[in-house]
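Chemist: next comes the sequence, and after it the predicted model I'd like to discuss.
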Amino acid sequence: MRYLPKSESERRQMLDACGVASPEELFAHLPEAVRLDRPLALDPGISEYEIVDYFRQRAAENANGYASFLGAGIYNHYRPVLVDTVVSRGEFLTSYTPYQAEIAQGTLTTIFEFQTMICQLTGMDVANASMYDGSTAVPEAAMMAVRATGKGRVLIAKSVHPEYREVLRTYAKHQGMPVEEFGYVAEAGTLDLEDLESKMDDLTGAVIIQSPNFFGIVEQVKAAAAIAHKRGALLVLLFTEAVSLGLLEPPADADIVAGELQSFAISPSYGGPYAGIIATKDKFIRQMPGRLVGQTTDSRGNRAFCLTLSTREQHIRREKATSNICTNQALIALMATVYMSVYGKQGLRELAEQNLSKAHYLAGKLAPRFSGKFFNEFVVKAEGKSPDEINKALLKKKIIGGLPLGRFYPELADCMLVCATEMSRRAEMDTFAESLKPAVPAEVLA
Amino acid sequence: MIQKVRSHLSPNEELLFERSSPGKKAYQLPELDVPAVDAAEALGAGNVRGEIEGFPEVSEVEAIRHFTRLSTWNYAIDYGMYPLGSCTMKYNPRINELVARTEALAWAHPYQPEALSQGCMKVMERLEAALAEITGMDAVTLQPAAGAHGELTGILLIRALLEKRGNPRKKILIPDSAHGTNPATAAIAGYAVENIKSSETGVLDVGALEHLVTSDVAALMVTNPNTLGVFENNIIHVAEILHKKGAMLYMDGANMNALVGIARPGDFGVDVLHLNLHKTFSTPHGGGGPGAGPVCVKKVLEPFLPAPRLKRSGQKLSWNYNRKNSIGRVKAFYGNFGVLVRALAYILAHGGPGLRNATMDAVLNAVYIRKQLEPYFDLPYQSPNMHEVVFSDDRQAKLGVRTGDIAKRLIDYGFHPYTVSFPLIVHGALMIEPTETEGKREIDLFCDAMISIAKEVEADPQMVKNAPYGTRTSRVDEVTAARKPVLRWKPA
Amino acid sequence: MYPENFRYTKEHEWVRVEGDTGTVGITFHAQEELGDIVYVDLPKPGTHLEQGKSLGSVESVKAVSDVYSPVSGEVVEANPALAEAPEKLNEDPHGAAWLVKVKLANPAEVQNLMTAAAYQSYIGAEK
């Protein structure tokens, strides 16, 4: 097998050195009862070409060459070629967690840059070296707020991504952390601040909102923060569309920012891997989960980087750790780091502005369901036909339409969530807009 | 055949922000084909940010040079062996990278129509089946994003079953040799942790276990082989003790590399386990992640698996959300699909016989290393080891040299250190796992280096304590980094 | 090395009693075992402590150790110097780097702690 670098004679020499005649003897100490007495029921190994062909066939069974107006937490953005060039280098791809600082300065330096850029984008003081994804960053941020305030109740907006809210519930269930939801304003699609205020109490440690929210709408972060802070809770601000950070005011009133970085050169890849972040103010740093890279010096006085504040983590604190997380998403975070470097200060802004323009062009041809201000996603009411029927017709034109919202919001069953990015072409948007118009009845045409 | 590292040309490189110059660009966006929209009008003036202060501005050439230079300061599997115990740092096959980037797989949106996602779903179905066969279990979820995430999922599954039976119980038993994620996970799942000591032969003390398993115990979390690399030869009896009291057996699958094709957890009494695809199944560590932590269960736990589950009806696959006993989601969407592709490619390349051969070579390599190093390093547990071996630094400690020092000196010989000071039950542990993708030459070089260091400790302990000497940075000041954390760059 | 007027615990804490106030710290031996200390986590004034239960923790780069209170009572003051300069705990564990001052609930319970001589033979035996 091409990954096993031993010739038969080398194997023999090593077996001799171990004092055994065959490799099977090395397992002789295993009790008879545990040993598998047949070969694994798996096909024999195949060649490289056959592996490529297997996945090529699977790809042919997927959507190929469709334009898409899906967003809903995962976004179609162009991936600069430099991203894969950098992450394909063996030194980045095949290296381990940088516990040995002397031989991991490459990884440590890029993580330090990553942490810095996340702080610059979010306006927070400190950011960690990534969580698994945005959806798991939410319960981690909630647990962090609960630790920091000593108060176990969590309030989360209905306009936070529905699957993220599900993940929070799974984590919260066994930690004595009651979770309650508060609503959105039917007309505007923004947070129902009155509902939040009425549900707030002194036992609440965290209020979690998303901006732009699941409907694409920009929220009044300041107002929500004021309600949270008045009763001694922390405000957790979540984002799922990282490109919005290029244009939207950083959430200075938030105590913790959690987010998903998939927009920054991470392939949608049918659900993962992605990279989440948690960023916060200096005073909460010891409550923060996940790896942190810090600057220091070596014994010769040179600047160097290392993992630090490890005593928060599982390998030291075990059951008292801030989280059980071990893996971070280093390679994925590196993709985001390269992406941020390629676009840079001006580019990220220009990119966000293009997204804004594209989505507003499309929205101008349709009637957004909500009056709230939006970034690159908005909700549209389907007239005459159901969202599913519209999407079925669109597929014939090789267009994947917006996400029908009925599966998550029964009150919006006649609506779909539509996203346009810098990758959306005018002609496709025109076709899409046409198909959403209700069919003109024959009598009117006559 | 002792070789030491020699330095090579690797330019200095500042941080991106220090290389930045206003106006430099590495991007070009296409012309807008729609009218430009005024941000303040569209979003509200108060919602529009000022410039992103301090954000880098570099050209494409500077960007590629920056990251390339930084990359040369990293050790990697592509350079040489990582003898890290329990990490299973095996070769990351490049074909896996190619197939993961197949366009229609890499660009698949999780919400695109199921009819247009059959390729992705088939990949996941095939992987689930392969992992079930390898582990001897009945059902698999691919949703968890990493090992620790899988552990949490597994413990939540146990809790859900016990709750259904009337009593979720209060505590989880964890061996004192366990990985730190185990107790941390138990705590998040709402269980108290009770430690169980290992016997003098390094395996679970079955007598002690019998006393500890009360009706308050939900489960025992075991790693098999354990973190000493020793097979828990009483595992069937252990499972019986637990099951008799209505408790469950969870297995941390970190050490599966010793078992694939040889023994199956499902056959020796395990109820639920997680796998680390970034260990046993070769997906790249990438400097610390991503990974994936599938969870494999016996039939009795299947109803509680995270939703949705893959369902096949004739030719079509679909996602079944109608799972009323499910513990819920542990992650948005379906799992780290990109990592799953790589793991499946690995399994396809090896096939059944290939996987078994890989396991045998992994164990051969570790036993060989044990034999070579036994005369020089203290071996606290004499039991047969499997894919990894754990020494202690007792002999060297008498001269003031600890496992961490020996590890640093190993760097000067061109190797990444082994796992230092873990498991905790060994004083000054040196935990070594070569994996099967190391040949005799590389392993001999490693053994020669370790033996040379053992001799250096006798001759000049202080020299070893100040290692490494051949690296770009010398030992870093971790104390100041922790006392006065500087976690981001700031302009002067 | 180990002041005569302190009392010591098996977990390497000390207490110095003056009237109904106890000053609590960790011993020289403890800080030596821990190595360079990077952070100290102390309870706020008003916190109720129980003899033998954890009052906080001390961290080095690679380890965390719980500190167990040698006495029961209410925390009157936590040492402000340790937040800025945790290294003081390595430099002067019996003096300037005391951890907390406690209003004793049960001064008699100090009797069941070790004297300086007993503690010295205890740590001698431990080695």
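Modeler: Now that the structure is in, tell me what you want to look at. Numbering: from 1, shown residues only, chains lettered A, B, ... in the order given.
Chemist: would you confirm that residue A:200 contacts residue A:228?
Modeler: Yes. Because the distance of 7.3 Å satisfies CB atoms under 8 Å, residue A:200 is recorded as touching residue A:228. In short, each C-beta sits where N, CA and C put it, glycine included.
Chemist: hey, what's in contact with both of the two?
Modeler: Residues touching both residue A:200 and residue A:228 (CB atoms under 8 Å, 6 or more residues apart in numbering or on different chains): residue A:207.
Chemist: between these two, which one's more packed in?
Modeler: Per other CB atoms under 10 Å in any protein chain shown, whichever of residue A:200 and residue A:228 has more neighbours is residue A:228, with 26 against 19.
Chemist: isn't the more buried one right next to residue A:234, touching?
Modeler: Yes. Between residue A:228 and residue A:234 there is a contact at 6.6 Å, judged by CB under 8 Å.
Chemist: element containing the residue of the stretch 201-350 of chain A found nearest chain B, please.
Modeler: Closest residue of the stretch 201-350 of chain A to chain B, CB to the nearest CB: residue A:331 (2.7 Å). Element membership of residue A:331, judged by DSSP states H and E, is helix A:330-365.
Chemist: against chain C, how distant is the closest residue to residue B:400 other than its chain neighbours?
Modeler: Of all residues not flanking residue B:400 in the chain, residue B:461 sits nearest, at 5.5 Å (CB to CB, 6 or more residues apart in numbering or on different chains). Residue B:461 is 19 Å from chain C, where distance means CB to the nearest CB, to the nearest Å.
Chemist: residues from chain B in reach of chain C?
Modeler: B:421, B:478, B:479, B:482, B:483 (CB under 8 Å from any CB of the partner chain).
Chemist: now with 7 Å, please.
Modeler: Residues of chain B lying near chain C by CB under 7 Å from any CB of the partner chain: B:478, B:479, B:482, B:483.
Chemist: residue C:60 versus the third one, what's the distance?
Modeler: As for residue B:482, its distance to residue C:60 is 8 Å (criterion: CB to CB, to the nearest Å).
Chemist: more neighbours, the two?
Modeler: Shown here are residue B:482 and residue C:60; by other CB under 10 Å, residue B:482 has more neighbours (25 against 22).
Chemist: dump the residue contacts of that one.
Modeler: A:308, A:309, C:38, C:39, C:61 (CB atoms under 7 Å, 6 or more residues apart in numbering or on different chains).
Chemist: run a quick neighbour tally on the closest residue to chain C within the stretch 201-350 of chain A.
Modeler: For the stretch 201-350 of chain A and chain C, the shortest gap (CB to the nearest CB) falls at residue A:311, measuring 4.5 Å. Look at residue A:311: counted by other CB under 10 Å, it has 24 neighbours.
Chemist: helices along the stretch 51-200 of chain A, start to end?
Modeler: Ranges of helices in the stretch 51-200 of chain A, per DSSP state H, counting those that start in this stretch, are A:81-87, A:90-93, A:105-122, A:134-149, A:162-172, A:193-199.
Chemist: in TSV: those helices, plus mean neighbour count.
Modeler: Shown next, in TSV, are the helices of the stretch 51-200 of chain A (neighbours: other CB atoms under 10 Å in any protein chain shown):
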stretch	mean neighbour count
helix A:81-87	18
helix A:90-93	22
helix A:105-122	26
helix A:134-149	26
helix A:162-172	21
helix A:193-199	15
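Chemist: any idea which residue sits dead centre in chain C?
Modeler: residue C:25 (2.3 Å; CA atoms, centre = their mean).
Chemist: now do the longest helix seen in chain C, average pLDDT.
Modeler: Looking across chain C with DSSP state H, the single longest helix is helix C:116-126. For helix C:116-126, the mean pLDDT works out to 88.
Chemist: quick one: pLDDT of residue A:310?
Modeler: Predicted confidence (pLDDT) for residue A:310: 81.
Chemist: got phi/psi on it?
Modeler: Residue A:310 has phi and psi values of phi -70, psi -20 when expressed as degrees, to the nearest 10.
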